[in-house]
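Q: I need the structure of the sequence given here:
(chains A, B, C and D, ligands or ions: 2)
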Amino acid sequence: MARVVVDVMLKPEILDPQGQAVQRALPRLGFEGIADVRQGKRFELEVAGPVDEAALARIHEMAETFLANTVIEDFVVKVEESK
Amino acid sequence: MARVVVDVMLKPEILDPQGQAVQRALPRLGFEGIADVRQGKRFELEVAGPVDEAALARIHEMAETFLANTVIEDFVVKVEESK
Amino acid sequence: MTLDTVKHASGTPDVELPWKELGLKEDEYLRVREILGRRPTGAELAMYSVMWSEHCSYKSSKVHLKQFGDKVPANDAMLVGIGENAGVVDVGQGYAVTFKVESHNHPSYVEPYQGAATGVGGIVRDIIAMGARPVAVVDPLRMGAADHPDTRRVLPGVVAGIGGYGNCLGLPNIGGELVFDACYQGNPLVNAGAIGVMRHEDIHLAKASGPGNKVILYGARTGGDGIGGASILASETFDDTKPSKRPAVQVGDPFQEKLLIECTLEAFAEKLVVGIQDLGAAGLSCATSELASNGSGGMRVELDDVPLRDSTLSPEEILMSESQERMCAVVEPDKVDRFLAICEKWDVIATVVGEVTDGDRLEIFWHGEKIVDVDPRTVAHDGPVYHRPYARPSWQDALQADDANKLPRPATSAELREQVLRLLASPNQASKAWVTDQYDRFVQGNTVLAQPEDAGMIRVNEETGLGVAIATDGNGRFTKLDPYTGAQLALAESYRNVAASGAKPLAISDCLNFGSPEDPDVMWQFAEAIRGLADGCLQLGTPVTGGNVSLYNQTGDAAIHPTPVVAVLGVIDDVARRTPIAFKEEGQLLYLLGDTHEEFGGSAWSQVVHDHLGGLPPKVDLERERLLGDILISASRDGMIDAAHDLSDGGLIQSVTESCLRGGNGARLVVPDGLDAFTFLFSESAGRAVVSVPRSEELRFTDMCGARGLPATRIGVVDGEEIEVQGEFGIPLSEVAEAHRSTIPALFG
Amino acid sequence: MTARIGVVTFPGTLDDRDSLRAVRIAGAEPVPLWHRDKDLHQVDAVVLAGGFSYGDYLRAGAISRFSPVMATVIEQAKAGMPVLGICNGFQILTESHLLPGAMLRNNHLHFICRDQKLRVERADTAWTADYSAGQEISVPLKNIDGRYVADERTLDELEAEGRVAFRYLDGNPNGSLRDIAGVSNAAGNVVGLMPHPEHAVEPLIGTGRTDGLGFFTSILKKLVSA
Ligand SMILES: Nc1ncnc2c1ncn2[C@@H]1O[C@H](COP(=O)(O)OP(=O)(O)O)[C@@H](O)[C@H]1O
Ligand SMILES: [Mg+2]
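A: Ligands and ions are numbered 1, 2, ... in the order given. All right, here's what the predicted structure looks like:
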């Protein structure tokens, strides 16, 4: 079973209040030196068959039409070695 | 500016209703062959200073005490090349 | 690795089992052996250990709780009493209402969001299990000190969790409480209550009868969550390559629960269900043993058929798992297909896992082998009963002697004004809108009253206007000073809140939050509180329909204040005559109902101004409470008052302020003869309310009070843009609003 | 003959019964519709009600958009059938690209439930004809993913074409760009908004106002006179 990861992040120009809330809290907790935080989503897909080009193309399409809303989000598809 | 990524995922034995909802929807959308989906969070941290061992140790601690709730979540810290 | 079957257990009497690690006492384990006539199997031990736990067996509290059954007031409304998932009362027009409050204290401290969320999930399943559609939730909360850093972690998480789950279920949140006190720092109290409505004929019970009937498990798959002790068993009995430390915290899925509600109600509507039980604490162990022991026959369960989320689970773990959003129904064989079809319609997984037998044993099989063979009653009902020692604490007298009435009082009008503002802005007295604005109070379109009203009120029937009201109250400070009186004060306040809304109080549920029962001081508080509550209910005519006990709320030697929380349910024949708290009409007259005494023990004033807890709590006069309630209800019925607000913590100035802010009007107050301004504004005497009376109704109203012997004192008029106490001070409404509304957002926003 | 107005129930929809009630109170015939059923049962208009369809997992409205009923709703909406999306329904409409933009987590990150003042900017859509342009109304707002965003060009276009149908007054509750509470499509038959008019149709219930009834009487008049 192979694992494909899809990372979905808000586009840079879109306000990310969750990331900001984290960033604002850090100094209070004693963590300095973090200039910016963005929070996004990570999907781990376990793929049943081989992760060939056709499979990746399908996952790409899935990310584009479903996992991400490209009006507001960017995404990246990555193959991970399975464990 | 260097980027450190913290991926936070629910522990495998913890119910992941979000991932399940995605997985159940996939066949309906015509995407077959995905055996499991887990959904987690991705934090992108822009680190102001050098990402040395000390900095990573701090980020690790930050992830452990704040970004993740280790009662139910696991996390991984990764350094990404900055772009 | 051998499977510990019944046969195997019989043949290996000397195998050591980890009963201690599972929380059983030696004599309890010996009793299990005696009951079975052999050593238990691992699976049987798992079942007994969870079902005989304090939480499930009420072993420390049972002997005291009995009073609720012994002192039942004559009340025709009770349809189902203590012992079922939730009590049921008749509210007329063929409708029945079920309601209950439960605690989820410890999980909410460990994981505030999920702990609180699953607390809501659990109480709602109790309501569905009675056959009712859930119509509202309430959430009485107690947190540590408002300015403590850990409260900043716990409270926002708890509120988000209650909102996240309840909002997503489509249940309006119509009331609750939020109290801060350092005594709850390590033991926040997260109580959650729910109300459901059904027709009389739809009442369902947790009962498996009719041999041949199928046992259907439906809802979420079973996973390894919430398995307190089962992992110990698992690691003893099985190989340790699998995840051994199962988390004690569960993650909720409100979406799944919403589907569970809809599909269960649809199955009820088609009369497909013989008996039903939700899966909460102790999971399948509890559901199977309770269903079987309440029914007429036995039950046979094939554990292999339970849908799993994690295929590595051992049978012990499956039996103990507390995975959320699961229910168990008993269905006649020819109705199974229809039941499964309804579940399919709602995308709910449903599986036949067993059937009712004509024997009297609960038998559970795994891989074709029998691993449990017990009399279900011994698991579910014949748990241990403790007569824990109790004694009045040695410090109680000193505490009561430390009289709050002797604390220095404000010397000048300026000081009085300053203390009024300080009180209104203190975390306990400040507006809780920051919390309640995170809860949907409008969903379902039947909300007549919700926070910050005295009681939440829900319309039950659109045509007739029939409605129900609920309020929850509890005051740990009063209860610490005198547990018997404190419990009665909680009851009285909740009763008063319901009556102030115009509804007639019918019955109560309670959630009893206390420290360790192994401490005789705590056990005395517990015994006294129950005695007070049971006596109070008898006197007020409001039976206890059910409730929940949460013990061991204790950090080291320090127990929380004894905190019985009382939920009173009321009925109103037409919600059109509900009484809100808002002073809406300028020129209306303000009347104070009841008597005001110098009573400052446990008061908000003593806490905020002097950080003091001592003396005696206010006196309780339940006959007076009942009279006050009757007057408030009559006045609502006959249109004599436009607003009413009960007086409780913070005293008169607190209530008047809330009503002014709600209505957007000021008030001019006159200190009545015989009272000083300080006592008038801050006393917390019980049995009081303030009402707003149209001038045209004044005579009729005062005549009624006079004729029935309730003191009614004219204290002022709704007027202007400030709250003015004549001869003392005036505070602009805007200043009051700022003081009252900014505290909680500043701390937690 | 009165108009038939359908209200869709997805798994996790919460305000469907309220919307059906609002339709009935306005005098139209309420018709429950089921997400798995492609057939709209001859309704003249459709309301997508509030709630958390599919738990709002992934993104609010993202999964519902692909349901069988939505295939028909999308097709019919493009052909001119009136569609109103309230809250979750609005989110579904943006996910379906029947309306521009997207909904994100509120800027304060909390669920917010309150009585919200709005200005009805457009009184010539299928759902707002009973209001006058510029009229101020108060209806409940309750959501956690209510922040309306779109890129600048889209926003400018919406403004230029007068498709901002409702704007928040007395404080933006969630960080929505340009205080947008709701928008319409170019033809004016598809309207979406975050606040809940269906919760403001009876004097005793909720906030005690009936400011939301106009949505349902508007559509009824339009359909009956058509
Ligand atoms: N956690 C909460 N959840 C819901 N409603 C709450 C909560 N806390 C307080 N409220 C509401 O705020 C109002 C004021 O609360 P409180 O001062 O405790 O009322 P009272 O003193 O009349 O019992 C009531 O309507 C109450 O139901
Ligand atoms: Mg009150």
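Q: alpha carbons only for contacts and neighbour counts from here, please
A: Noted.
Q: So C:Ser515: helix, strand or coil?
A: I think there's a mix-up here, since residue C:515 is Gly and not Ser. Under DSSP: H, G, I helix; E, B strand; the rest coil, C:Gly515 falls in the coil class.
Q: Number of residues surrounding it?
A: 25 (other CA atoms under 10 Å in any protein chain shown).
Q: wait, C:Ala96 sits on C:Ile195?
A: No - at 10.6 Å, C:Ala96 does not count as touching C:Ile195 under the criterion of CA atoms under 8 Å.
Q: more crowded one of those two?
A: C:Ile195 (29 against 24).
Q: if I look at that one, how far off is A:Asp16?
A: For C:Ile195, the distance to A:Asp16 equals 38 Å [CA to CA, to the nearest Å].
Q: what does D:Ile205 give?
A: Taken as CA to CA, the span from D:Ile205 to A:Asp16 is 36 Å.
Q: What of C:Asn553?
A: According to CA to CA, C:Asn553 and A:Asp16 sit 39 Å apart.
Q: When these two are compared, which one has more neighbours?
A: Neighbour tally, C:Asn553 and A:Asp16, criterion other CA under 10 Å: the higher count belongs to C:Asn553, 24 against 20.
Q: give the contact list for that one.
A: For C:Asn553, the contact set (CA atoms under 8 Å, 6 or more residues apart in numbering or on different chains) comprises C:187, C:513-516, C:559-560.
Q: likewise C:Val460?
A: When contacts are counted by CA under 8 Å, 6+ apart, C:Val460 touches C:197, C:446, C:466-468.
Q: Looking at chain D, which residue is nearest chain A?
A: Scanning chain D for the residue nearest chain A gives D:Asn107, at 5.4 Å (criterion: CA to the nearest CA).
Q: That residue against D:Arg147, yeah?
A: Yes - D:Asn107 is within contact range of D:Arg147, at 7.0 Å (criterion: CA under 8 Å).
Q: any common contacting residues for these two?
A: D:174-175.
Q: These two: which has the busier surroundings?
A: When neighbours are counted by other CA under 10 Å, D:Asn107 and D:Arg147 differ, and D:Arg147 comes out ahead with 23 against 20.
Q: I'd say the more buried one and D:Asn106 touch.
A: Yes - with contact defined as CA under 8 Å, D:Arg147 counts as touching D:Asn106 (5.1 Å).
Q: residues bridging contact with the two, i.e. touching both?
A: Residues touching both D:Arg147 and D:Asn106 by CA under 8 Å, 6+ apart: D:174-175.
Q: Compute the number of surrounding residues for D:Lys38.
A: Neighbour number of D:Lys38 under other CA under 10 Å is 15.
Q: and it, how far is that from C:Arg33?
A: With CA to CA as the criterion, D:Lys38 and C:Arg33 are 60 Å apart.
Q: Same question for C:Thr472.
A: In terms of CA to CA, C:Thr472 sits 43 Å off from C:Arg33.
Q: Tell me where the stretch 101-250 of chain C has helices.
A: Taking DSSP state H, counting those that start in this stretch, the helices of the stretch 101-250 of chain C run over residues C:105-110, C:112-129, C:149-169, C:230-237.
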